[in-house]
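Peer 1: here is the input, now give the coordinates:
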Amino acid sequence: MYLFQFFHNMDIESVLKGSPWTFNNHLLILCKLERGEDPLKVPLIFIPFWVQIHDVPIGLFYENLAIQLGNFIRAFLEYDGSNLGKENRNYMMVRVKIDVRKPFKEWGHERKKGKSH
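Peer 2: Coordinates of the predicted model:
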């Protein structure tokens, strides 16, 4: 376990928003400690990930659907609708909280009979 100290709240928010982070190809799980919180008692088991959801009709790019799909994947955190209407951006971006103790299934990358990716 490592303890990082930031002198500006803006810096820690930038680091947390930019996660997931890795070091030597190992996932770094970050958590913001509250004043007086014991770092040894913080469960470091959750990490936020941005997930692309493809094959959603453009007319259904709504936050309500993003919340439902995000909760289906794991636990919804936020929706990024900034790519809506942009050329070659026909997917939704959803940030979800992943429990690193559970395997993450690649639903969209499974091979179909007679097809290869």
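Peer 1: need the contact list for the residue most central in space within the chain.
Peer 2: Taking C-alpha atoms, centre = their mean, the centroid of the chain lies closest to F49, which sits 1.6 Å from it. Listed by C-beta atoms under 8 Å, 6 or more residues apart in numbering, the contact partners of F49 are P20, R95, V96, I98. Quick note: C-beta positions are derived from backbone N, CA and C, even for glycine.
Peer 1: which segments of the chain make up each domain?
Peer 2: The chain breaks down into these domains under automatic domain parsing: 1-44, 45-105.
Peer 1: most tightly packed of these?
Peer 2: domain 45-105 (a mean of 14; mean count of other C-beta atoms under 10 Å).
Peer 1: give me the element V15 is part of.
Peer 2: helix 9-17 (DSSP states H and E).
Peer 1: what residues does that helix touch?
Peer 2: Residues beyond helix 9-17 that count as contacts (C-beta under 8 Å, 6+ apart) turn out to be F4, F6, W21, L30, K32.
Peer 1: for the protein, longest helix please?
Peer 2: Across the chain, the longest stretch assigned as helix under DSSP state H is helix 63-73.
Peer 1: and it, what does it pack onto?
Peer 2: When contacts are defined as 3 or more C-beta pairs under 8 Å, 6 or more residues apart in numbering; DSSP states H and E, helix 63-73 packs onto strand 46-54, strand 75-80, strand 91-99.
Peer 1: compare those and give me the one nearest F61.
Peer 2: Closest approach to F61 among the helices and strands packed on helix 63-73 (C-beta to C-beta): strand 91-99, 6.1 Å.
Peer 1: by how many degrees do that closest one and helix 63-73 diverge?
Peer 2: 40 degrees (axes from the mean of the first three to the mean of the last three C-alpha atoms, to 10 degrees).
Peer 1: tell me what strand 91-99 is packed against?
Peer 2: By 3+ C-beta pairs under 8 Å, 6+ apart, strand 91-99 packs against strand 46-54, helix 63-73, strand 75-80.
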